[in-house]
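**Student:** Provided below are the primary sequence and the corresponding predicted coordinates.
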Amino acid sequence: MTHLFVFCFALPLLLFASADRSGAAEPEARAVKYRLGEATVWAIADSLGDRQMNVFAGADPEALKRYAPSGASPSAIMVFAVQIAGSTILIDSGLGAVGGERASRLPAGLARAGIDPAKVELVLVTHMHGDHIGGLLRDGQRAFPNAVVKIGRIEGDFWLSDRSMAADPSRKANFELARQVAKAYAGALEYFEFGDEPAPGFLAVDAIGHTPGHTAFLLESGGERLFFIGDLLHAAALQFPRPDINASYDMIPEMAAAARRRLLERAVRERLPVAGMHLPFAGVGRVEDAGEGGFAYRPWSD
Ligand SMILES: [Zn+2]
């Protein structure tokens, strides 16, 4: 059996990319549907665009020149929705209104997927940066009025701690956003530990480094698996071949690089397809060992 057949889960059933016929400000929906065992996985773009290389300041200039000669790498902000056992579960929520003029495509993408925000039962959060929790709010209120939000204990403790906030004034806006989210979802905010199953079939995996409690989720359904790797990488073109290179967003650089290598090695070893929040749309693909310490990424559409 070839690798291609091993990874046959990733059959894109439908691709939606319609133009915005109304001419209104609402951005167009981009959503792709996958089947994974008993689950349906929607890969929904919250925003699209290239990642500029200035977030890799200090990185080996030869690597930047070689892997991103244009000075940018295709990227996105992805949200994943999993429909399983009658429930709808989101993984992260995109920028939402935090993006300002970069209007979120998530509401349009959910509508295109036929997902009513009021029917979302659970949002699993990989970490509390604004481009992952901003979409939890709409006009300061719950964007998902009936959802429970689950966050890793270490991550929640960090962003909601007054001591952390006082120690890092440069991230004040992010700390304040975390508080707004916690306030809006008061009574519906829960915490998990690494190794827990925050939802049936979802295993919380330690991916600490990008943030103090960064979490990956390993979903298994019907004998098939998909590894949601959060913000393990920000520029696929650069960081798969050079996993030692961190983005300026990586808060604990040594641990971020170690987690990137550890989780990508696991993806190769266990033949786990990955879903990443900043991989180019549609954010799902396979990882291969490229030798010399590097990896290669194969989007599903290859
Ligand atoms: Zn991010």
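**Tutor:** Okay, I see it. Since we're looking at a predicted model, the values are computed, not measured.
**Student:** What sits closest to the closest residue to the ion within the stretch 201-302 of the chain if chain neighbours are left out?
**Tutor:** At 4.4 Å from the ion, Asp231 is the closest residue in the stretch 201-302 of the chain, using CB to the ion. No exception for glycine: its C-beta is placed from N, CA and C like everyone else's. Nearest residue to Asp231, sequence neighbours excluded (CB to CB, 6 or more residues apart in numbering): His210, at 4.6 Å.
**Student:** What pairs with the helix or strand hosting Val41, parallel or antiparallel?
**Tutor:** For Val41, the enclosing helix or strand under DSSP states H and E is strand 39-52. Sheet partners assigned to strand 39-52 using DSSP bridges are listed as strand 31-36 (antiparallel), strand 72-84 (antiparallel).
**Student:** do you know how far the residue of the stretch 201-302 of the chain closest to the ion is from Ile77?
**Tutor:** In this view, Asp231 and Ile77 are 10 Å apart by CB to CB, to the nearest Å.
**Student:** any residues in contact with both of those two?
**Tutor:** Residues touching both Asp231 and Ile77 by CB atoms under 8 Å, 6 or more residues apart in numbering: Met277, His278.
**Student:** Pull the contacting residues for the closest residue to Ala63 other than its chain neighbours.
**Tutor:** Leaving out its chain neighbours, the residue that sits closest to Ala63 by CB to CB, 6+ apart is Arg242, at 4.9 Å. Taking CB under 8 Å, 6+ apart, we find Arg242 in contact with Ala59, Asp60, Ala63, Tyr67, Gly294.
**Student:** export those to JSON lines and tack on secondary structure and pLDDT?
**Tutor:** Shown next, in JSON lines, are these (DSSP: H, G, I helix; E, B strand; the rest coil; pLDDT from 0 to 100):
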{"residue": "Ala59", "secondary structure": "coil", "pLDDT": "94"}
{"residue": "Asp60", "secondary structure": "coil", "pLDDT": "95"}
{"residue": "Ala63", "secondary structure": "helix", "pLDDT": "96"}
{"residue": "Tyr67", "secondary structure": "helix", "pLDDT": "96"}
{"residue": "Gly294", "secondary structure": "strand", "pLDDT": "98"}
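**Student:** Can you classify Arg163 by secondary structure?
**Tutor:** helix (DSSP: H, G, I helix; E, B strand; the rest coil).
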